[in-house]
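Undergrad: Take this sequence and fold it.
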Amino acid sequence: MRLVKYLLLSCLFAFALAGCQTTGTQNNRLTEMQYAYSAAVRWGDFEGAANLIKPDLRKRLAPTPMQLERYKQIQVSGYNDVGSEVDKKKGTAVRIVNIGVINRHTMAERSVRYIEAWEWDPVGKTWWLIGGLPDFWQGE
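TA: Okay, here's the model as predicted:
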């Protein structure tokens, strides 16, 4: 009887740990993806950043060649996390960032607030960006 209790408790403990591991992996993966994305934006690799857009949205949200040329006119001077929220049940995450931007021609610096929206892909076990790249020109 003791052996049955011990085995049952061991199984329950193993299942509990497996559940924690999934959540931990999901959180770690989000941190990795957000870091990769922010690094790409900070270093001006907007084509690389566009690769983190969810594949079925990429064609619609990826920057056009003209937009990529516009990105070459700016230098990112800062990328600061203002706040974030993760909804594990829905598999979504939002991060608000302030991005410092310098116009390479005028050397004028300004700050742009940008909201990153992320979605968890349980099959691929990764997070995808579900919004476009930052609009540093506010639609102009």
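
Undergrad: what about Gln138, which helix or strand?
TA: In the assignment (DSSP states H and E), Gln138 maps to no helix and no strand.

Undergrad: show me the contacts for the most centrally placed residue in the chain.
TA: Most central in the chain under CA atoms, centre = their mean is Gln34, positioned 3.7 Å from the mean C-alpha point. Applying CB atoms under 8 Å, 6 or more residues apart in numbering to Gln34 gives the contacts 95, 116, 118, 127. Placement of C-beta: from N, CA and C, glycine included.

Undergrad: Which of the three states applies to it?
TA: Three-state assignment for Gln34 (DSSP: H, G, I helix; E, B strand; the rest coil): helix.

Undergrad: Quickly note the distance from the closest residue to Lys54 other than its chain neighbours to Leu30.
TA: With CB to CB, 6 or more residues apart in numbering as the criterion, Lys54 has its nearest non-adjacent residue at 3.6 Å, and that residue is Trp128. Counting by CB to CB, to the nearest Å, the gap between Trp128 and Leu30 amounts to 11 Å.

Undergrad: If we ignore the residues flanking it in sequence, what's nearest Glu109?
TA: Distances taken as CB to CB, 6+ apart place Ile102 nearest to Glu109, at 4.7 Å, with adjacent residues excluded.

Undergrad: List the buried residues for stretch 70-79?
TA: 71, 74, 76, 79 (16 or more other CB atoms under 10 Å).

Undergrad: Nothing else from me, thank you.
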